[in-house]
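Chemist: Test case, fold it:
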Amino acid sequence: MHDRSTLALLRIDRFVRERLAPAIHRASHPVSVTAWDAPGEPVPFDEARAGAYRPIEVGQPWGRPWGTTWFRVTGDAPADWFDDGRPIPGTRAELVVDLGFTSGQAGFQCEAMVWSLDGRPLRGIAPFNNAVTEAVSPGGAIDVFVEGASNPDVGSIFTFAPTPVGDRATAGEDPVYVLRTVDVRLRDLEVTALLADTSALRGLAAQLDATSPRRADILLALERMIDVVDPHDVASTAAAGRAVLAPVLAAPASASAHTLHAVGHAHIDSAWLWPVRETVRKVARTFSNVLSLMDEDPDFVFAASSAQQYAWVKKYYPDLFERIRARVAEGRFVPVGSMWVESDTNLPGAEALARQFIAGKGFFRREFGIDTPEVWLPDSFGYSGALPQIAKAAGARWFLTQKTSWNETNRMPHHTFRWEGIDGTRLFTHFPPVDSYNSVVSAAELAHAERNYADKGRGTVSLLPYGFGDGGGGPTREMTAAIARTTSLEGSPRVVHSTPRRFFETAEAEYPEPEVWVGELYLEFHRGTYTSQLATKQGNRRSEHLLREAELWATTAAVRTGAPYPAERLARVWETVLLQQFHDILPGSSIAWVYQDAERNYAAVARELEEIIGDALTALAGATAPGETHELRVNAAPHARGGVPALGAALAAPASRVRPERSPEGWVLDNGVVRVVVDDRGLIVSAVDLASGRDSVPPGAASALLQLHRDTPTQWDAWDVDVHYRNTVTDLTDLDGLEVDGDEIVVTRSFGSSRVVERIGLDAGSRTVSLGFELDWHESQKLLKLAFPVDVHTDSATSEVQFGHIERKTHTNTSWDSARFETVAQRWVRVGEPGFGVAVANDSTYGHDITRAERSAGGGTISIVRLSLIRSALFPDPTQDQGAYALRVGLVVGADVEDAVVEGYRLNLPERLVTGSATEIEPIVAVEDPGVVVEAVKLAEDGSGDVVVRLYEALGRRVDTVVRPGFDALAVVQTDLLEREVAASALVDDAVPLSLRPFEIVTLRFAR
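Modeler: Numbering: from 1, shown residues only. A predicted model of the protein is given here:
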């Protein structure tokens, strides 16, 4: 037989394009449209309803960038579309609105919400989802408001060209859209179904082998369908066409076909190429669409994460929230993810990552009475090795992401596996092999999922998250129609409506002992997010440590003085900080508007927390009287320092610094513990641990060297640092000035359009060389690194992560090692040999690269530790990081891991001074072993007044220790993160004995 398949495909595609698709509507009818432009930010419905509306016609421009235009749409559908007040059989009347949609992606451009006259949100409007049945009354009358959001497309085609539209101040005022369509149409349901039948089969044919008999059957059936459908009267002959296709659609899937559990989804970035305020509206538009689709399709199930987004709906759209609550109770609208937002997991600190679960799960329990069992992070930029333990401690059983499918170099070997964290906790994990969280249920995606699934022979199921996402939108009728046709279809994997719980329970049951992946899930992509938007990263780091202080001192004051505990204020602040840890805010990949909001929010957070801290310390220090005033030094860190106990305060002298002395070598700082030499270039050329005699600086090298690189990523500017940045580097050794200012060496340098002032100091008795940087940064597409060559021979480095640390190889033996050329750490990194090491601590830096090089004299190798201080990408924020910054770094000479841990807390929790009548503030809790670290002290979430202490083993070894409360405790229990009892504990001589495994987190709840 002659092969006519190519011609058949051309014929089918043209018939669909020219005949079927245009015939889904039998008729259209005009309506009347008026418009009112909200003068500034979005307004409530009642204010919009009272606006002065003007006539507007299709074809007219509307909407300045980031503006809101309200349209009032009125009219009547023709009477002959109805029979006794109902649409004629086989049809549906619907309002169709095209706001002037562009070729960019859905969710990245103009959108709208349709409102009823009495102010109820009915449905969202977006590209590919712009037909609104709810706008047409049973008799055909139309009278609705349409809230149009003229959001500019910042760059959904991702050419990464700089654009001014991400900042209101530079976005312009001219309209950016042209109203294209507003009319009422009569949809032909049989033609719509025929189009869905045809699309399913045409898509499947494209995935089958050219020699497949099944493909031949499909093409023959599609051609016969064309023969029986009258191209001039599609409506009357569509049923005949469907009858021709019915047998090939009824052919069942093979017994071995992969099964995809389809879960409706709309990944809604809480901010990204739009501000947070617009996300609030995106959530409402998407959720209203979902509820509408549930009314139409009884099998449709939708899952949505992020308690924050539900909280917005509750606050701003209460009617919509109650409708969601009803569907949650029914089991069809499924809150997932357990977290306040889909946060980054590399950059948030330990307690903050725990609070994501405490806040998220707490909201879902209060509002819906459910305990979400999964972690749902499809789009975050890599996953900390601490996450399995944190998730399990919050009661989570399962973890889902697909982001590692974006790896540039290596392919993950599993799709279903157990993920083992740094403490040994294992979490059942799934990566959807469809490699998308925004599937449109195309035949190509389904076939890819089946082919790509890496665990064949052991597992047969995977999850299919489908629906327009990133900017929201969610599933459409076309997507659920595709699922209906692929439930069991020969040549295709099976697709079934499901829930996340049903999927995970099925996967666990069939594959109870999957393979194990140990350690972090490093994303070989988006490494620049460890550094972009420095001001936001500094705001996050400072907020986390201020929250620690505020809770510690407020708890101590409540227990010791009866002062009221500011629970509501603290919860509100936590919610702000947690929101801004969203995976496109804190990583630095959003538009300028987002960072203007973030920096303003961090300033407000700091003001409120400083007030809480000040009030608590004032209460603890006591009222002053003449002659009874004392100045206390206050230490919120978990380790004692300078005569001040951990978590307490005492009368103590401030730390003193040694004065620099001039020598032939340069300027010398020597405190009897460490001897440091700074040469005439302002570089550290020697840093000797005097006890061992080891110099941490290799022969001929210079430490604390600033290096400037060209930073022009291949794509994804703010997200990426590509390895080719190393090809171009300038060592910043030229001086503007080198002088001694009191007890500090001050080095001033200029480069490009920027300037940096560095202050080098050494405290008495300390092994930490203190480096302060005042940076005035005005570079473009540059990356500034701070280099510390270290004279140790090792092939690994230790980096702090949440509740512990991780070892990473620094060689490039494998493609996995080579791809890890930029890594993330919390407050410190360390390299060392047995008996000697060096740590580098920081107060606001996350990105690092740690490599090896030949030693210039004497043989062997050295390690080079570099911090990524700042960078300046042009997309999506062309003004990224321009401005003045202050950073602090500590070079800890002769450091073991415990020294690194101590210095990380010390640098981020500076001492405070408080004046009062007290001569001390006793710690509210004390731990005998210094390697067991108190991470948080607070009062219980339930308002009982119980004291909650969270601690962890920080050094990576088993340990027995004792925890002593500094107050009268009646009883103590161990709890999970949600403060639910998990194990009984006992007070023995007013103390709690504990045995901890490496990196174990323990939460103790003391009844007073």
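Chemist: What are the buried residues along stretch 96-110?
Modeler: Buried residues in stretch 96-110, counted by 16 or more other CB atoms under 10 Å: 96-102, 104-110. For the C-beta atoms, the positions are set from N, CA and C on the backbone; glycine is no exception.
Chemist: Sort out for me which of the residues you listed are in helices.
Modeler: Using DSSP state H, no member of these sits in helices.
Chemist: Which of the residues you listed sits closest to residue 313?
Modeler: residue 107 (17.4 Å; CB to CB).
Chemist: Could you double-check that the closest one sits in contact with residue 438?
Modeler: No: the criterion here is CB atoms under 8 Å, and residue 107 misses it with residue 438 at 9.1 Å.
Chemist: Now for these two: what residues contact both?
Modeler: 468, 469, 470 (CB atoms under 8 Å, 6 or more residues apart in numbering).
Chemist: what residues does the helix or strand where residue 838 lies touch?
Modeler: Taking DSSP states H and E as the criterion, residue 838 maps to strand 836-842. If you take CB under 8 Å, 6+ apart as the criterion, strand 836-842 is touched by 689, 692, 694, 696, 768, 788, 790, 792, 827-832, 865, 867, 887-897, 899-900, 903-904, 906-907.
Chemist: where do the helices sit along the stretch 351-500 of the chain?
Modeler: Using DSSP state H, counting those that start in this stretch, the helices found in the stretch 351-500 of the chain span residues 387-393, 443-452, 477-485, 500-510.
Chemist: ranking the ones you listed by burial, who's on top?
Modeler: Mean neighbour count (mean count of other CB atoms under 10 Å) peaks for helix 387-393 among those, with a mean of 24.
Chemist: Packing partners of it?
Modeler: helix 350-368, strand 398-400, strand 426-430, strand 1001-1007 (3 or more CB pairs under 8 Å, 6 or more residues apart in numbering; DSSP states H and E).
Chemist: Need the contact partners of the second one.
Modeler: The list of residues contacting strand 398-400 from outside it, by CB under 8 Å, 6+ apart, reads 373-378, 387-388, 391, 419, 427-432, 463, 500, 504.
Chemist: Could you pull up phi and psi at the residue nearest to residue 82 when sequence neighbours are not counted?
Modeler: Leaving aside its sequence neighbours, residue 82 sits nearest to residue 140 (CB to CB, 6 or more residues apart in numbering; 5.6 Å). Phi and psi for residue 140, reported as degrees, to the nearest 10, are phi 100, psi 0.
Chemist: Going forward, count from 577.
Modeler: That works, and once the first residue is 577, the last one we named lands at residue 716.
Chemist: and residue 716, how many neighbours?
Modeler: Residue 716 has 20 neighbours, counted by other CB atoms under 10 Å.
Chemist: per-residue confidence for it?
Modeler: The predicted structure scores residue 716 at 95 on the pLDDT scale.
Chemist: likewise residue 885?
Modeler: Model confidence at residue 885, given as pLDDT, is 98.
Chemist: my guess is it is in a helix, correct?
Modeler: Yes: assignment of residue 885 by DSSP: H, G, I helix; E, B strand; the rest coil places it within a helix.
Chemist: Enumerate every residue touching the closest residue to it other than its chain neighbours.
Modeler: Spatial nearest neighbour of residue 885, chain neighbours left out: residue 859 (4.6 Å); criterion: CB to CB, 6+ apart. Going by CB under 8 Å, 6+ apart, residue 859 touches 844, 885, 888, 889, 1048.
Chemist: What about those, which one has the most neighbours?
Modeler: Of the contacts of residue 859, with other CB under 10 Å as the count, residue 1048 tops at 29 neighbours.
Chemist: Could you tell me how far it is located from residue 723?
Modeler: 15 Å (CB to CB, to the nearest Å).
Chemist: How about residue 1422?
Modeler: 39 Å.
Chemist: Around residue 713, count how many other residues there are.
Modeler: Considering only other CB under 10 Å, residue 713 is surrounded by 14 other residues.
Chemist: per-residue confidence for it?
Modeler: For residue 713, the predicted pLDDT is 95.
Chemist: From residue 720, how far off is it?
Modeler: If you go by CB to CB, the gap between residue 713 and residue 720 works out to 10 Å.
Chemist: Just the buried residues of stretch 672-686: which are in strands?
Modeler: Those of the buried residues of stretch 672-686 mapping onto strands are 672, 673, 674, per DSSP state E.
Chemist: re the thing from before, wait, a strand at the residue nearest to residue 885?
Modeler: No: assessed with three-state DSSP, residue 859 is helix; it does not lie in a strand.
Chemist: what's the spacing between it and residue 900?
Modeler: Using CB to CB, residue 859 is found at 10 Å from residue 900.
Chemist: list residues touching both of those two?
Modeler: residue 889.
Chemist: The closest residue to residue 1293 other than its chain neighbours: what's it in contact with?
Modeler: Leaving out its chain neighbours, the residue that sits closest to residue 1293 by CB to CB, 6+ apart is residue 1449, at 3.9 Å. For residue 1449, the contact set (CB under 8 Å, 6+ apart) comprises 1104, 1108, 1287, 1289, 1293, 1294, 1357, 1456.
Chemist: for stretch 1452-1465, the distance to its chain's centre please.
Modeler: Stretch 1452-1465 has its C-alpha centroid displaced from the chain centroid by 21 Å (CA atoms, centre = their mean, to the nearest Å).
Chemist: Return the set of buried residues in it.
Modeler: Neighbour counts over stretch 1452-1465 (16+ other CB under 10 Å) mark 1452, 1453, 1454, 1455, 1456, 1457, 1458, 1461, 1463, 1464, 1465 as buried.
Chemist: Output the residues you listed as a markdown table; include the columns pLDDT and secondary structure.
Modeler: Below are the buried residues of stretch 1452-1465 laid out as a markdown table (pLDDT from 0 to 100; DSSP: H, G, I helix; E, B strand; the rest coil):
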| residue | pLDDT | secondary structure |
| --- | --- | --- |
| 1452 | 98 | coil |
| 1453 | 98 | coil |
| 1454 | 97 | coil |
| 1455 | 97 | coil |
| 1456 | 98 | coil |
| 1457 | 98 | coil |
| 1458 | 98 | coil |
| 1461 | 98 | strand |
| 1463 | 98 | strand |
| 1464 | 98 | strand |
| 1465 | 98 | strand |
